[in-house]
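Participant: need a 3D model of the following:
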Amino acid sequence: RRGQGTKGCIPPPPKRARTTDMHTNGSSPPKSADSNGSEHCPNNTNNNNNLNNNKVRNGHGKAGRVYVPPHQTDTVRLIGQHLLDLGLQETVDKLIEEGGSVLEHPLASQLRRHILAGEWDNAMRVFVELCGVREAGVTEMKYRILEQKYLELLERGEQMAALLCLQEEITPLNHCTSKLHALPSYLMVATPAELRTRSKWTGSSGTSRHRLIHKIQEFLPAAVMLPPKRLEVLLKQALVLQARNCVYHNSDFIPHISNSSLLEDHSCSRDMFPTETKQILEHRDEVLHCTWSNSGLFLATGALDGSLYIWKYNPQRYQLVEDKLINVQYNVGFIAWSPDDTMICVCGVEKCPEAVVWSVTGTEAQIKCRITQNTEDVLTCCSWSPDNRFIYTGGQQGQFYKYDLHTSTAYNWEGVRLHSVAALRDNKTVLAADSHKRVRSYNFEDYTDQTVCEDESQIINMSLSGDEKHCLLTLAKQGLLLVDIASGTSIRKYYGILQSDYQINSCFGGASEQFIVSGSEDNLVYVFKRDCSSPILKLAGHTRIVSCVAWNPVYTDCFVSGSDDASVRLWGPPLSTDSESSVGTQV
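Facilitator: Numbering: from 1, shown residues only. Purely as a prediction, here's the structure:
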C-alpha cells in the first residue's frame, strides 16, 4: 500500500512504517487508520490531550491525516489549546482529526471535565491515578481539590457533608495548617455571600473551578497537561524580548499581544529618541557639572567661573528657562540636589575648602550652611542622605565628612581620598570611589567598611543606578565599567569614549535606565544601550570637550550635555516641535 495514494504523497520513514499512511498534502488515505493518532502511545496513556471539556478526541477521522513531523507536534498542541480558549471547538476537532495527534493525556481531560462539573470524588480518583507514585506537590494539589469541594458543599448548605469532608479528607493531609485552622469557621456562616466574602472565594459559578484547573496545569508535566495559555505566554515573552533588543526603545511601555502586532518585529524609530539639540544654554566659562532635580522640572548647571544656574524645564516644549543665577565663591565642580528638591549642595574642583548648601525654594537662593573643618580641606564631591538630614562630602586630600544639618556637626572618616560618593537609601551606607582604584562601602552607624570592587585603572567618576544594584565607573583611559554592587563583579565594559587627561562624567538614563550616556574628549556625546558595549549613537554639536551629562529622571526623552565650549545642550527627539536651536548630527 505504500505505493498507493495521489501524486505528491510522501511515504513515512521506515521507523514509522507501522503507522497507517500519513499524507503531507491532505489526500485521502486508505479506509483503515490508526485509532489513536499516536504511534508511540497505542492506549493513549502517555500523550498529550485535548482541552475539550466535553469529550476526549483521540485522532479518529473520516478523512486522511496529514503527517506532522515530531518537532512540530508541540506547536500543533499549543495552537489547539489557544483555539479552544477562543471557543473554536469544531476547528480544534478538525485539527485533531487531520493532524492525527491528541492535545493532552486522556486522564487529564477526564480530570478537567470532573472539576468543571463539580464531581469531586471522581476528580480526586482521576488525579491520584494521573499522578501515580509521584509525591512532590501532590499533597498541595489534593488539598486544593478538597478545599474547593468543601467550600462548594457549604455554598449549597450541606454542612454535615462539608464537616465530613473536613474531618476525613482534608485534615488527614496535614497540609497548610494556617488555612486548616480557618476552614472550620466557615461552617458558621449564614449565607453563601458571606462565605464568599470571608473566604475570598468566587463561588462555584465564578472562576474558582477554572483557577483550580490552572493550578493543576502548572503542577502536572506539560506532556500530560499543557500549562494554561501557553501560546499566549510564549508570545508575550517574544514581545518583551523584542522590546529589550530594540535599539531605540526608550519607554516603560511593555508590548503585549493586546496592543502590539504579531505580524512584524517590534521596532522603535530613531525619531522617537533624543538625538536633536532642542536648545543651547550659554555660560561664560567651561561647564563642569550639570544635574536634574528629582522631579525632573529643574536643571542645575555650574561653570569654572563660579556661576551656577537653576533652569526651569517645560517638558511639552523641550525648553529650559532661567530661574535663578547663583554666584558661588569658588568654581562649581559638583552639584547635588536634596531628595525633596528644596536645597542643593555645591562643591568645587580644587582649592575649595568647603561645600555650600543653598536653599533654592524662594525667588532668591539663600545659603543654608557651609560645610568645612579646615582651610586646607578640598571638598570636591557630595551626596545627600534620603531623609534630607545628612550630607556626605569629601575630596582627594583625605577628607570624608558626614554632616548633620540639624545639629551642624560633622563626623570624619579619616584617610579616605575620594573621587565620587553616593549615599544609599538605607540611610547608613555610603559608596565611595577612592584614589586607590577601589569602590568601598562605608557604614556610618558601626563605622565598618569593605571593598566592593577594584580595578587596575583610576576611577574618575562613579554613578549609582536608581535601584542601587549597579554602579557605573568612568575609568582613566579605559572607557566605562558596569559593576554589580552585591557581588562586586564586572558586568560589562563600554568602549569608544575618549578620556585621557580631563574629568569626564557618565550616567544611567532613559526609561528604566536602559541607556548610558557619557561625555568624551573628542567633543561628542556617546549613548550606549545598557546591554551593549558599543555606542548606539555619537552625537555631534559641541566644539570642545564634553565634560558632563545628565539624563532627565522623569521626562526620559531628553538629556543635557555640558562642555568646555561654555554651553549646555538639551537633547530631545526630532519629532518634537518648537525646536529653537541648531540640530546636532549623528556621527
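Participant: burial count for the spatially closest residue to residue 376 that is not a sequence neighbour?
Facilitator: Residue nearest to residue 376 in three dimensions, not counting chain neighbours: residue 353, with 6.8 Å by C-beta to C-beta, 6 or more residues apart in numbering. To be clear about C-beta, it is placed using only N, CA and C from the backbone, and glycine gets the same treatment. Residues lying near residue 353 (other C-beta atoms under 10 Å) number 19.
Participant: and the gap between residue 353 and residue 367?
Facilitator: 15 Å (C-beta to C-beta, to the nearest Å).
Participant: what residues are up against residue 479?
Facilitator: Residue 479 makes contact with 493-497, 499, according to C-beta atoms under 8 Å, 6 or more residues apart in numbering.
Participant: so residue 555, which of the three states?
Facilitator: Secondary structure, DSSP: H, G, I helix; E, B strand; the rest coil: residue 555 is coil.
Participant: now the strands: where do they sit in the stretch 401-550 of the chain?
Facilitator: Assigned by DSSP state E, counting those that start in this stretch, the strands in the stretch 401-550 of the chain fall at 409-412, 418-423, 429-434, 438-443, 448-454, 459-464, 470-475, 479-484, 490-494, 506-509, 515-518, 525-529, 535-540, 546-551.
Participant: same list, those, but as CSV with distance to residue 274 and mean pLDDT please.
Facilitator: Below are the strands of the stretch 401-550 of the chain laid out as CSV (distance: least, C-beta to C-beta, whole Å; pLDDT from 0 to 100):
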stretch, distance to residue 274, mean pLDDT
strand 409-412, 40, 86
strand 418-423, 25, 93
strand 429-434, 28, 94
strand 438-443, 29, 94
strand 448-454, 31, 93
strand 459-464, 18, 93
strand 470-475, 19, 95
strand 479-484, 19, 95
strand 490-494, 18, 95
strand 506-509, 9, 96
strand 515-518, 9, 96
strand 525-529, 8, 96
strand 535-540, 9, 96
strand 546-551, 9, 96
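Participant: among these, which comes closest to residue 328?
Facilitator: Residue 328 lies closest, by C-beta to C-beta, to one member of the strands of the stretch 401-550 of the chain: strand 546-551, at 16.1 Å.
Participant: who's in contact with the residue nearest the centre of the chain?
Facilitator: The centre of the chain sits closest to residue 512, judged by C-alpha atoms, centre = their mean, with a distance of 7.7 Å. Taking C-beta under 8 Å, 6+ apart, we find residue 512 in contact with residue 252.
Participant: one more: residue 295?
Facilitator: With contact set as C-beta under 8 Å, 6+ apart, residue 295 has these partners: 341, 554.
Participant: which stretches of the protein form helices?
Facilitator: 73-85, 89-99, 106-117, 120-131, 138-155, 159-165, 177-182, 192-199, 208-219, 230-245 (DSSP state H).
Participant: tell me the helices and strands packed up against the fifth one.
Facilitator: In this structure, helix 138-155 packs against helix 120-131, helix 159-165, helix 192-199, helix 208-219, with contacts taken as 3 or more C-beta pairs under 8 Å, 6 or more residues apart in numbering; DSSP states H and E.
Participant: and residue 198, how many neighbours?
Facilitator: So residue 198, with other C-beta under 10 Å, has 13 neighbours.
Participant: what's near enough to touch it?
Facilitator: Neighbouring residues of residue 198 by C-beta under 8 Å, 6+ apart: 185-186, 189.
Participant: and the gap between it and residue 152?
Facilitator: For residue 198, the distance to residue 152 - C-beta to C-beta - is 15 Å.
Participant: likewise for residue 456?
Facilitator: 68 Å.
Participant: these two: which is more packed in?
Facilitator: residue 152 (20 against 8).
Participant: tally up the residues packed near the residue lying closest to the more buried one once chain neighbours are set aside, please.
Facilitator: Leaving out its chain neighbours, the residue that sits closest to residue 152 by C-beta to C-beta, 6+ apart is residue 204, at 4.8 Å. By the other C-beta under 10 Å criterion, the neighbourhood of residue 204 contains 16 residues.
Participant: surely residue 217 meets residue 226?
Facilitator: Yes. Under the contact definition of C-beta atoms under 8 Å, residue 217 touches residue 226, with a separation of 6.6 Å.
Participant: tell me the contacts of the residue nearest to residue 376?
Facilitator: 372, 374-379.
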